[in-house]
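Student: Just the structure for this:
(chains A and B)
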Amino acid sequence: MSDEEFPLLSELKKGPWPSFVKEIEKTAEHKPEIKDLLKQLERSYEDKITYWKHGGIVSVRGYGGGVIGRYSFLAKECPGIAEFHTMRVNQPAGYFYTTEALRKICDIWEEYGSGLTNMHGSTGDIILLGTITKNLQPCFNALAKAGFDLGGSGSALRTPNACVGPARCEFACYDTLELCYDLTMTYQDELHRPMWPYKFKFKMSGCPNDCVAARARSDFGIIGTWKDEIKIDQEQVKKYAEEGVDIQKQVVEHCPTKCIEYDPEKKEIKIDNENCVRCMHCINVLPKALRPGDEKGACILLGGKAPILEGPVMGWVIVPFIPADELADFVKDLAEKVWDWWDENGKYRERVAELVERLGMMNFLEAVELEPDPRMVKHPRENPFFFWREEDLKPRTDPWKIWREAEKGL
Amino acid sequence: MASEPVEEEYISDIGPPYFRDMLPPVIKNNYGKWKYHEVLKPGVLVHVAESGDKVYTVRAANPRLLSIYTIRELCDLADKYCDGYIRFTTRNNIEFLLTDESKIDDLIKEVEELGFPIGGTWDATKAKYSLSNIVHTQGWIHCHTPAIDASGVVKSIMDALFDHFRNMDLPGLCRISLACCLNMCGAVHASDISLVGVHRTPPVVDDDAVRRTCEIPSTVSGCPTGALRPDMKNKTIKVDESKCMYCGNCYTMCPGMPCFDPENGGVAILVGGKLSDARAPSRLSKVVVPWLPNNPPRWPEVVDTIKTILETWAADAKPHERIAEWIDRIGWEKFFEKTGIEFKVQLIDDFRLPRHTFRTTTQFKW
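Tutor: Okay, the predicted model is just below:
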């Protein structure tokens, strides 16, 4: 491909970071129609506007989602990408692949699609970028034969996603990958057939470091934590100190609740676990010496979402702790209650956080049968404008009746 | 006798492959039994299991948009060095997992020859952090609502910050994310530095397109500021431009009212979000630049601003301090002073419940 043909894009072939333009060019060498993608993209770079049309409903048999229809405004000039639909393919939890499986996807996408992918999309799916309508069904069938299925799109359960978890991380407080797989398999119907007011996302992080952004990027974030004491290996503390780690400065002074003491003589750490908020800093810095406790589980945060419509939301704690061995059943039971309430009350395109804001946390907690807990709030409310339920009150007295009777001298 | 064509059984709802079938033996054998990890050098980790087994991770950059022809080359390397296994990370990095330490340098050489630099790791023990990959969205390559491109902006920023990916030369973690419109399929709103494509002009209604493609009541009720009114006589939608804050939600719902405007769309920059609870609690990012021009192919204004923020923080922060924690210590007024970013009136919130963001004390710095 000559750089004169695409002068703006060719600027993005320069520089040390891997170039997506080179990836498209490389694909176009095998699939000449992809040159039209470069053509359209160059035009977008000139005119500073997208040339993709809005929507278009395409799908595969039996599914309501998983394929994003895409048509070009430049169909005449760029016939190779006139139809350029995306297929979202559900990734294996933790993004682990055998090369055999990955090559199968490549072969299928070489036969039925553009040869371009995203590894991976923002929600977690393998994104197969660009194919024509008539290839969708055969591509899906071939993927299914190879053991792959589509992910979620539209007002459906979106593809659940997890951090690397116990597969390769010593911090994991529960099995994020197993739960991710379990939820994905349990809710195949909710994933493939949009049936809700809007999208719903599950994300699973194994510890409060939250590598999968569960609290901000999922309606139902499940973040590993523990309840008992941090485990200390004093021998390893000593070794870190002898290797030159300034434990006072690097660990003690960064503790948000000042619950760590360090004895520089003995080279030992003491933790006041009653005051620990399990932020992970000390464990992150001294992974050989400190570990989460044995009483492991997860905290559930509800409502994380991007700004559309009512502004961005960081998920709220709705369940401070569930032991790891009860987690899968608890999550399913609670999520189903949340869906019922949201489905019943939610407006079109209203995420669950926005519904909670509209109808109130009290209604929500009652509907999903959760008890209030001080760990749910940063602080209690600053106004006394609360709702009372009938059962909270004594029988209603009419003040007029009192005054009128008093006036009558009764 | 001619046989009837038999329709094969239709396979659907099978879900993803079971992840355990994708795990390398060393991971399978030590699943849930990892003891600790160390950072051997930038881009290379070792995880040690209770069994004594070790797995070495080599982390490589990834433009996210990958050709299948490149994926096959990556698979060739994974076959040669990693017994046929490969993984990706939540920040779009590529990871090679090895059990033979002696093969690491040869693998790195081949991965880099393929055009994928090694890095993106951090060593909390030594308080040395490198910049990880930018999480981002589709932009002009595939999206119908973007205010800006995505891959091109990311490429331009990462070229400029490349050394910070390769070397662990930052004082704390710094996560950069980019979403090309407010729909934020990249959900970038809790990043140390986030970039968001924004529109600045109201939608342009094409009555005919609205009539053909839109459901008027739901579009009208979907407007968060009540700027839309149905015009039932003409079966279209009217926009009260004074109420519109250009979120683009109406266009997502109704293809007849795009708000694209090449010279007015642009990039907003937010800082000081974090997801991890390490030290200071997690929080959302705050807007520090309301608009920069959408300036392809290299977005110089955006790149310069990001570089200034990152390098001002890196020079001034204490070990482990992320941008949010640095600003907690120095104060927002000092953030604007030190970075030289102008504090514009648009940075004062006027959307929902803004008073919670107004200062209510006399504690501030000069």
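Student: Would you map the helices across the stretch 1-150 of chain B?
Tutor: The residue ranges that make up the helices of the stretch 1-150 of chain B, judged by DSSP state H, counting those that start in this stretch, are B:25-29, B:68-81, B:104-113.
Student: Of those, give the one that comes closest to chain A.
Tutor: Checking those against chain A by CB to the nearest CB gives helix B:68-81 as the closest, at 3.9 Å. C-beta: built from backbone N, CA, C; applies to glycine.
Student: quick revisit: could you dump the helices of the stretch 1-150 of chain B into a markdown table and include mean neighbour count, distance to chain A and mean pLDDT?
Tutor: Shown next, in a markdown table, are the helices of the stretch 1-150 of chain B (neighbours: other CB atoms under 10 Å in any protein chain shown; distance: least, CB to the nearest CB, whole Å; pLDDT from 0 to 100):
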| stretch | mean neighbour count | distance to chain A | mean pLDDT |
| --- | --- | --- | --- |
| helix B:25-29 | 16 | 5 | 98 |
| helix B:68-81 | 20 | 4 | 98 |
| helix B:104-113 | 16 | 10 | 98 |
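Student: Of those, give the one that comes closest to residue A:29.
Tutor: Closest approach to residue A:29 among those (CB to CB): helix B:68-81, 8.0 Å.
Student: between the closest one and helix B:104-113, how big is the angle?
Tutor: In this structure, helix B:68-81 runs at an angle of 170 degrees to helix B:104-113, with axes from the mean of the first three to the mean of the last three CA atoms, to 10 degrees as the basis.
Student: Please enumerate residues in contact with helix B:68-81?
Tutor: With contact meaning CB atoms under 8 Å, 6 or more residues apart in numbering or on different chains, helix B:68-81 is reached by A:23, A:26-27, A:30, A:99, A:102-103, A:105-106, A:109-110, A:115-117, A:119, B:84-86, B:94, B:96, B:98, B:103, B:106-107, B:110-111, B:114, B:116.
Student: Give me the spatial nearest neighbour of residue 28, chain neighbours excluded.
Tutor: Just so you know, I chose chain A. Distances taken as CB to CB, 6 or more residues apart in numbering or on different chains place residue A:34 nearest to residue A:28, at 4.1 Å, with adjacent residues excluded.
Student: Not quite, go with chain B.
Tutor: Closest residue in space to residue B:28, ignoring its immediate chain neighbours: residue B:20 at 6.8 Å, by CB to CB, 6+ apart.
Student: With residue B:111 instead?
Tutor: Beyond its immediate neighbours in the sequence, the residue positioned closest to residue B:111 (CB to CB, 6+ apart) is residue B:60, lying 5.2 Å away.
Student: Check what pLDDT that neighbour gets.
Tutor: The model reports residue B:60 with a pLDDT of 98.
Student: Repeat that for residue B:4.
Tutor: In this model, residue B:4 carries a pLDDT of 63.
Student: and stretch B:206-220, how far from the chain's centre?
Tutor: Chain-centre distance of stretch B:206-220: 32 Å, with CA atoms, centre = their mean, to the nearest Å.
Student: what does stretch A:303-312 give?
Tutor: Using CA atoms, centre = their mean, we find the averaged C-alpha position of stretch A:303-312 to lie 13 Å away from the chain's own average C-alpha position.
Student: ditto for stretch A:3-17
Tutor: Between the mean C-alpha point of stretch A:3-17 and the mean C-alpha point of its chain there is a distance of 34 Å (CA atoms, centre = their mean).
Student: who's in contact with it?
Tutor: A:19-22, A:25, A:38-39, A:41-42, A:45-46, B:61, B:63, B:117, B:151-152, B:155-156, B:158-159, B:162, B:165, B:296-298.
Student: Okay, strands next: where are they in the stretch 1-150 of chain B?
Tutor: Assigned by DSSP state E, counting those that start in this stretch, the stretch 1-150 of chain B shows strands spanning B:34-41, B:44-49, B:54-60, B:65-67, B:85-88, B:94-98, B:122-123, B:128-129.
Student: Cool, thanks, signing off.
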